[in-house]
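*Asks:* give me coordinates for this.
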Amino acid sequence: MNMTLTLPAMIAVTALVSGLVFVLIGVLMGWREVVRQSARMKQDLIAEISPCLTEHAQKIETILTTHQSQRQTGDDAMRQDLSAIRADVEWLAGERMIEQALDMFRDGVSAKDVGKELGLPLETVRSLQLLRAH
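*Replies:* Modelled structure (predicted):
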């Protein structure tokens, strides 16, 4: 099997290969242009939406700042309310302890035992004992 090509066959093969090369070059150049256009479109899109994104980011920042300020104000008000409630509870507890101490003195319990029972310092118990006498 001898593979010899005739001149017309060689010209046909050369033309076919040359045509494929030119098609490949055309495809590559077309692809290159598509990539360039894509990059331009991307830049244009970024330039177009960038001001909108900046505006929205500023709005979000303003909303977050306002929310944080309102939250802080609410927290401060809640702390004040809790302090007032704590003071009321302490006052009521103190009133109740005074009543208990006076009742214990009426029942003849010693100042030392009243202090232990109510968890009060001895000086406070003695002051209450003097109050009982009046």
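*Asks:* for the helix or strand encompassing residue 98, which helices and strands make contact with it?
*Replies:* Using DSSP states H and E, residue 98 sits within helix 7-106. Identification of packing neighbours for helix 7-106 by 3 or more CB pairs under 8 Å, 6 or more residues apart in numbering; DSSP states H and E yields helix 111-118, helix 122-133. Bear in mind the C-beta positions are built from the backbone N, C-alpha and C, glycine included.
*Asks:* most tightly packed of those helices?
*Replies:* The densest packing among those, expressed as mean neighbour count by mean count of other CB atoms under 10 Å, is seen in helix 111-118 with a mean of 16.
*Asks:* how close does the residue nearest the centre of the chain sit to residue 31?
*Replies:* Centre of the chain computed as the mean C-alpha position; nearest residue by CA atoms, centre = their mean is residue 64, 10.4 Å away. According to CB to CB, to the nearest Å, residue 64 and residue 31 sit 45 Å apart.
*Asks:* wait, residue 111 sits on residue 124?
*Replies:* No. Between residue 111 and residue 124 there is no contact under CB atoms under 8 Å: 9.8 Å.
*Asks:* now render the helices and strands packed on helix 7-106 as a markdown table, adding distance to residue 99.
*Replies:* Below are the helices and strands packed on helix 7-106 laid out as a markdown table (distance: least, CB to CB, whole Å):
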| stretch | distance to residue 99 |
| --- | --- |
| helix 111-118 | 11 |
| helix 122-133 | 10 |
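*Asks:* which one of these lies nearest to residue 98?
*Replies:* Residue 98 sits nearest to helix 122-133 of all those, at 6.2 Å, using CB to CB.
*Asks:* could you dump that closest one to CSV, C-alpha only?
*Replies:* The C-alpha atoms that make up helix 122-133 are tabulated as CSV, following Å, rounded to 0.1, in the frame of the first residue of the first chain:
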residue,chain,number,x,y,z
LEU,A,122,-26.4,44.2,116.0
GLU,A,123,-26.3,48.0,116.0
THR,A,124,-29.3,48.1,113.7
VAL,A,125,-31.2,45.7,115.9
ARG,A,126,-30.4,47.8,119.0
SER,A,127,-31.7,50.9,117.2
LEU,A,128,-34.9,49.1,116.4
GLN,A,129,-35.1,47.9,120.0
LEU,A,130,-34.9,51.6,121.1
LEU,A,131,-37.7,52.4,118.5
ARG,A,132,-39.8,49.7,120.1
ALA,A,133,-39.5,51.3,123.4
